[in-house]
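Undergrad: pasted the sequence and its predicted model underneath.
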Amino acid sequence: LPANTGGVRYDDVFFINETIGWAANGFYASVDKTIDGGQTWTRQINQADLGGDYYFRNVEFLDANIGFLGTLDGEFFKTTDGGTNWTTVTITPNPAAICGLTTIRNSTVYGCGAYFTPAYIIKSTDSGTTWQYIDMSSYAIALVEVLFETELIGYAAGRSDTGAVVLKTTDGGNSWTEIYNSGIVGEYIWKLQLVEN
């Protein structure tokens with residue numbers, strides 16, 4: 001990927017198969033795409049194209065066309081043409097940030113935030129056309145990551161008043177159970193990953 005000034009990081013990368021993927025350039029707010037497994041990258045958009053000053057936190061796609069771009073700036077974007085053009089997603093109440101995203105099959109999307117509080121989950125079951133906002137304040141004070149195995153079984157991670165937490169749902173996000181707490185006040189769980197055998 002093109003180097004950033006001062007070594008500033010790219011915040012996320014997502015591949016739909018072995019060759020096609022996208023990278024979200026955090027502080028410099030751009031999206032790059034590869035169609036050759038990461039050998040070469042093409043810049044698709046930057047924050048100026050979207051008319052704002054953003055921090056791009058994550059990028060996730062349902063298929064080669066429909067994708068989502070989370071920011072730390074109260075804006076959430078969707079593309080239906082593989083990342084060439086992006087439009088603003090409207091959710092009520094409006095999330096302060098989308099810090100984590102996960103897609104399941106060809107129509108279900110979950111997101112979470114915010115690492116700087118409050119804690120919430122967003123959910124769509126129609127490829128991002130309509131959204132549900134789930135208040136997670138009874139489980140955590142901040143969420144950074146969300147990861148689903150199926151449309152019903154998933155995990156969210158961040159922190160509570162008592163430490164870093166991992167939460168689990170088995171009913172598509174309607175209810176959650178804390179399955180891990182570090183007991184270290186102020187600590188976060190930042191990322192989750194499922195390892196397949």
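TA: Perfect, I can see it now.
Undergrad: what bits of the chain have low per-residue confidence?
TA: Applying pLDDT under 70 to the chain flags residues 197.
Undergrad: who does the helix or strand hosting Cys112 pair up with?
TA: In the assignment (DSSP states H and E), Cys112 maps to strand 108-113. Applying DSSP bridges to the sheet, strand 108-113 is found paired with strand 100-104 (antiparallel), strand 120-124 (antiparallel).
Undergrad: any idea how far it is from the middle of the chain?
TA: Distance of strand 108-113 from its chain centroid, counting by C-alpha atoms, centre = their mean, to the nearest Å, is 6 Å.
Undergrad: what would the strands paired with strand 108-113 look like in TSV with mean neighbour count?
TA: In short, each C-beta sits where N, CA and C put it, glycine included. Output for the strands paired with strand 108-113, formatted as TSV (neighbours: other C-beta atoms under 10 Å):
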stretch	mean neighbour count
strand 100-104	23
strand 120-124	23
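Undergrad: out of these, nearest to Gln193?
TA: strand 100-104 (11.0 Å; C-beta to C-beta).
Undergrad: coming back round to it: mind listing what's buried in the strand holding Cys112?
TA: 108-113 (16 or more other C-beta atoms under 10 Å).
Undergrad: columns distance to Thr5 on top of these, output as JSON lines?
TA: Output for the buried residues of strand 108-113, formatted as JSON lines (distance: C-beta to C-beta, whole Å):
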{"residue": "Thr108", "distance to Thr5": "37"}
{"residue": "Val109", "distance to Thr5": "32"}
{"residue": "Tyr110", "distance to Thr5": "33"}
{"residue": "Gly111", "distance to Thr5": "29"}
{"residue": "Cys112", "distance to Thr5": "30"}
{"residue": "Gly113", "distance to Thr5": "27"}
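Undergrad: which among those gets closest to Ser127?
TA: Each of the buried residues of strand 108-113 was scored against Ser127 by C-beta to C-beta, and Val109 proved nearest at 7.4 Å.
Undergrad: just checking, that closest one touches Thr129?
TA: No - the criterion here is C-beta atoms under 8 Å, and Val109 misses it with Thr129 at 10.2 Å.
Undergrad: any idea how far Thr90 is from Ala97?
TA: For Thr90, the distance to Ala97 (C-beta to C-beta, to the nearest Å) stands at 16 Å.
Undergrad: more neighbours: which of the two?
TA: A count of neighbours by other C-beta atoms under 10 Å puts Ala97 above the other of Thr90 and Ala97, at 24 against 9.
Undergrad: what strand or helix carries that one?
TA: Per DSSP H and E: Ala97 is located in neither a helix nor a strand.
Undergrad: isn't it up against Cys112?
TA: No - using C-beta under 8 Å as the test, Ala97 is too far from Cys112 to be in contact (9.4 Å).
Undergrad: common neighbours of those two, please.
TA: Common neighbours of Ala97 and Cys112 (criterion: C-beta atoms under 8 Å, 6 or more residues apart in numbering): none identified.
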